[in-house]
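Undergrad: take a look and give me a structure for this.
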Amino acid sequence: MALHDINGTRLWVEAEGNGPALVFVHEFGGDHRSWRHQVDHFKSRFRCVTYSARGYPPSDVPDREDEYGQDIATADLLGVLDALGIEQAHLVGLSMGAYTGLRFALAHPDRVLTLVAASGGSGSFPDTRAHFLEETRALADTILGQNSLDLPGFAASATRTQLKLKNPDAWQEFADHFTEHAPKGSAFTLRRVQAGRPSLYDFAGELSACRTPVLLMIGDEDEPCIDTNIFLKRTMPSAGLVTFAKSGHLINLEDPAAFNNAIDIFHNNVTASQWPLRDTATTGTSAYLAEEEA
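TA: The predicted model follows:
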């Protein structure tokens, strides 16, 4: 557990266990503590690394808004790997962290062994992108205006209330951790990372060329993410898609055992060379005939 100087700020980084590096990248509402169930499961076989993004204590909270951004978040992930002497890593990202993981795999494919992108894609779907941007900027303004993260509706939103229904104690812990974040850091993250990042649809060409093994995971009630993950599955020949029934956004907390098991199966398949690129014969639209016959 230590603060590391990375790209002009100090990030709180924790590492536990031995073996290949498994690096977790948290979502907007979470922090390094969000991965406790995953670290406990994987630390006997992996060197599990968690960190809090800039703006999330105990990492530094830069005062200038221009010290936040998606490109900076991607560079910070690279900085974490470099600070710990990690040449290659397995990555697991949730939501904001999934987006960073995807962008990192495109920019630094030589550093990524596998990528799990869970609950990613909010704000990318073209039909709802304008509303996402408007809502995100408005929430940032509210947080700055009240200088507080006392936002009862956030943890009880339509994609997070599933956790409350399944495990009220885990939901309360999530809600409590969120209110402990820095208002300025969260607001600037909303403005510059969440609302400042391009749509994943803008990277269709790069995504289609990606050869890093990727596991996409979503809850089937996580409406802002469903369409984008179908797009990613169709676009990325290296990607598989797992959907959790009756689940929302916080799938690593809603059912940690199922979440961890899906990652284990993915890793085992990759190790056994059983994660091939998608065969073009599977991409046809006919329900009855091979593509050349349709």
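Undergrad: what's the neighbour count on Ala118?
TA: For Ala118, the neighbour count with other Cβ atoms under 10 Å is 29. The C-beta positions use only the backbone N, C-alpha and C, and glycine is treated the same way.
Undergrad: contacts only, for it.
TA: Contact partners of Ala118, counting by Cβ atoms under 8 Å, 6 or more residues apart in numbering, are 92-95, 98, 216-218, 251-252, 259.
Undergrad: now Ala140
TA: Counting by Cβ under 8 Å, 6+ apart, Ala140 makes contact with 186-188, 190-191, 195.
Undergrad: if we use 6 Å, what do you get?
TA: 187, 190-191 (Cβ atoms under 6 Å, 6 or more residues apart in numbering).
Undergrad: now it: which helix or strand?
TA: Applying DSSP states H and E as the criterion places Ala140 in helix 126-146.
Undergrad: so where do the helices sit in the stretch 101-250 of the chain?
TA: For the stretch 101-250 of the chain, applying DSSP state H, counting those that start in this stretch gives helices covering 126-146, 152-155, 161-166, 168-179, 183-189, 204-209, 223-235.
Undergrad: only C-alpha atoms, please: export the second one in CSV.
TA: By that I understand helix 152-155. Taking C-alpha atoms only, helix 152-155 is exported to CSV below (Å, rounded to 0.1, in the frame of the first residue of the first chain):
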residue,chain,number,x,y,z
PRO,A,152,-29.4,9.8,-2.3
GLY,A,153,-30.7,9.1,-5.8
PHE,A,154,-27.3,8.0,-7.1
ALA,A,155,-26.9,4.8,-5.3
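Undergrad: assign a three-state SS to Asp264, would you?
TA: The local conformation at Asp264, judged by DSSP: H, G, I helix; E, B strand; the rest coil, is helix.
Undergrad: now do the strands in this protein.
TA: 2-6, 9-16, 21-25, 47-51, 89-94, 112-118, 214-219, 239-244 (DSSP state E).
Undergrad: paired strands for the longest one, with orientation please.
TA: When sheet partners are counted by DSSP bridges, strand 9-16 sits next to strand 2-6 (antiparallel), strand 47-51 (antiparallel).
Undergrad: the fifth one too?
TA: For strand 89-94, the paired strands and their directions (DSSP bridges) are strand 21-25 (parallel), strand 112-118 (parallel).
Undergrad: that strand vs strand 214-219, what angle?
TA: Counting by axes from the mean of the first three to the mean of the last three Cα atoms, to 10 degrees, strand 89-94 lies at 20 degrees to strand 214-219.
Undergrad: okay, strand 89-94 in CSV with CA atoms only?
TA: Below are the C-alpha coordinates for strand 89-94, written out as CSV (Å, rounded to 0.1, in the frame of the first residue of the first chain):
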residue,chain,number,x,y,z
ALA,A,89,-1.0,-7.5,-17.1
HIS,A,90,-4.4,-9.0,-17.1
LEU,A,91,-6.9,-6.1,-16.7
VAL,A,92,-10.3,-6.0,-15.2
GLY,A,93,-12.3,-2.8,-15.4
LEU,A,94,-15.9,-1.8,-14.4
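Undergrad: can you tell me what sits against that strand?
TA: So strand 89-94 is contacted by 21-25, 27, 81, 100-101, 112-119, 252 (Cβ under 6 Å, 6+ apart).
Undergrad: quick check: mean pLDDT of it?
TA: Average pLDDT, strand 89-94: 98.
Undergrad: likewise the first one?
TA: The average pLDDT within strand 2-6 is 97.
Undergrad: and Leu133, what is it in contact with?
TA: Taking Cβ under 6 Å, 6+ apart as the criterion, Leu133 is in contact with Ala195.
Undergrad: repeat the analysis, applying 10 Å as the threshold.
TA: Listed by Cβ atoms under 10 Å, 6 or more residues apart in numbering, the contact set of Leu133 reads 123, 194-196, 199.
Undergrad: lowest-confidence helix or strand of this structure?
TA: Here the helix or strand of the chain ranked lowest by mean pLDDT, DSSP states H and E is helix 152-155, holding a mean of 91.
Undergrad: now that helix: buried residues?
TA: Within helix 152-155, the residues that count as buried by 16 or more other Cβ atoms under 10 Å are 154-155.
Undergrad: for Ala290, give me the pLDDT.
TA: pLDDT, Ala290: 83.
Undergrad: pretty sure it sits against Thr280.
TA: No. If you go by Cβ atoms under 10 Å, Ala290 and Thr280 don't touch, sitting 11.2 Å apart.
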